[in-house]
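Trainee: Sequence isn't available, so here's the structure alone:
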């Protein structure tokens, strides 16, 4: 995978973290990093769900191999 995708993922996580922190009015570094961990975990879960959905559709014969990639 290209380094560009890592940078895009990093920017998305930081932007979402800053927006959520601003909306919640967080003040400490611990709160900020807890939100960042939650955002990262959420994005990982979404990614894994998409990969799982692609594998399921492949097994059912609805989609071809590499459907989501």
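Mentor: The structure has been received and is ready for your questions. Since the structure is predicted, the reported quantities are computational estimates derived from the model, not experimental observations. Numbers count the residues shown, from 1 in each chain.
Trainee: where does the closest residue to residue 58 other than its chain neighbours land in three-state SS?
Mentor: Among residues not flanking residue 58 along the chain, residue 65 sits closest, at 5.8 Å (C-beta to C-beta, 6 or more residues apart in numbering). The way it works is simple: take the backbone N, C-alpha and C, and place the C-beta from them, glycine included. Secondary structure, DSSP: H, G, I helix; E, B strand; the rest coil: residue 65 is coil.
Trainee: count of neighbours near residue 66?
Mentor: Residue 66 is flanked by 8 other residues according to other C-beta atoms under 10 Å.
Trainee: And the host helix or strand of residue 38, what does it pack against?
Mentor: Using DSSP states H and E, the element containing residue 38 is helix 29-59. Here helix 29-59 touches helix 3-24, going by 3 or more C-beta pairs under 8 Å, 6 or more residues apart in numbering; DSSP states H and E.
Trainee: by how many degrees do the helix it packs on and helix 29-59 diverge?
Mentor: Inter-element angle recorded for helix 3-24 and helix 29-59: 130 degrees (by axes from the mean of the first three to the mean of the last three C-alpha atoms, to 10 degrees).
Trainee: Check which residues of helix 3-24 are buried.
Mentor: For helix 3-24, the neighbour count (16 or more other C-beta atoms under 10 Å) marks 13, 16-17, 21 as buried.
Trainee: And the furthest pair within these?
Mentor: 13 and 21 (12.1 Å; C-beta to C-beta).
Trainee: so residue 39 makes contact with residue 18?
Mentor: No - using C-beta atoms under 8 Å, residue 39 is not in contact with residue 18, being 9.9 Å away.
Trainee: Quick check: which element contains the residue of the chain positioned farthest from its centre?
Mentor: Distance from the centre of the chain peaks at residue 61, with 27.1 Å (C-alpha atoms, centre = their mean). Using DSSP H and E, residue 61 sits within no helix or strand.
Trainee: what about it, distance to residue 9?
Mentor: From residue 61 across to residue 9, the span is 32 Å (C-beta to C-beta, to the nearest Å).
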